[in-house]
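Novice: Sharing a model prediction with you, sequence too.
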Amino acid sequence: MLTKIGGLVKRFQYDIYLGTCFALVAIVSFNLGRVGLFGSHSISYTQNANIYQAIDSGAVGTLATPTNKLDRRVVASKSSTSMKYHFTWCASGSKIKEENKVWFNTEAEAITAGYSLAGNCQ
């Protein structure tokens, strides 16, 4: 059996060599890209960034105001037994009938009322 395997290796020596080289190049390239040796461009941000920015005092114009202020209210269903709340941008929140909607101004109000965040609405 060992001679049979040796014969197959000799017969397909070039193909085995080519496949091994290809696999090694792929592994090395993947790891170099993962480590970031081909140019790492890290994204930095400040933790306490302020989204409200005013125009310089020397500039002519009005104060800059955010154009797309995010609605932070949450909605829950009166008829639900699961006691889950949804953000206004979640698809599940929009499926609640208007007559069954319970609105909270903040997430904390909903939690205080005994509701918990729906799993599909993160």
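Specialist: Alright, I've got the coordinates. Residues are numbered from 1 along each chain as shown.
Novice: Run through the neighbouring helices and strands of the worst-scoring helix or strand of the chain on mean pLDDT.
Specialist: The helix or strand with the lowest mean pLDDT-type score in the chain, counting by mean pLDDT, DSSP states H and E, is helix 91-94 (a mean of 81). Under the contact criterion of 3 or more C-beta pairs under 8 Å, 6 or more residues apart in numbering; DSSP states H and E, helix 91-94 touches strand 84-87. In short, each C-beta sits where N, CA and C put it, glycine included.
Novice: neighbouring contacts of the strand it packs on?
Specialist: Under the criterion C-beta atoms under 8 Å, 6 or more residues apart in numbering, residues 74-77, 92-93, 96, 104, 107, 110, 115-119, 121 lie in contact with strand 84-87.
Novice: one more time with 6 Å
Specialist: Strand 84-87 is touched from outside by 74-76, 92-93, 110, 115, 118, 121, with contacts defined as C-beta atoms under 6 Å, 6 or more residues apart in numbering.
Novice: any idea how far Leu8 lies from Leu2?
Specialist: As defined by C-beta to C-beta, to the nearest Å, Leu8 lies at a distance of 11 Å from Leu2.
Novice: Could you chop this structure up by domain?
Specialist: With automatic domain parsing serving as the domain definition, the record reports that the chain contains domains spanning 2-35, 74-117.
Novice: deepest of those domains, which one?
Specialist: Compared across the domains of the chain, domain 74-117 shows the largest average neighbour count, a mean of 14 (mean count of other C-beta atoms under 10 Å).
Novice: Straight-line length of that domain, end to end?
Specialist: 9 Å (C-alpha to C-alpha, to the nearest Å).
Novice: residue ranges for the strands of this protein, please.
Specialist: Counting by DSSP state E, the chain forms strands over residues 74-77, 84-87, 101-104, 116-117, given from the N-terminal end onward.
Novice: Name the strands paired with the second one and say parallel or antiparallel.
Specialist: It stands for strand 84-87. With DSSP bridges as the test, strand 84-87 is paired with strand 74-77 (antiparallel), strand 116-117 (parallel).
Novice: Tell me where this protein has helices.
Specialist: Secondary structure of the chain (DSSP state H): helices at 2-11, 13-35, 91-94, 107-112.
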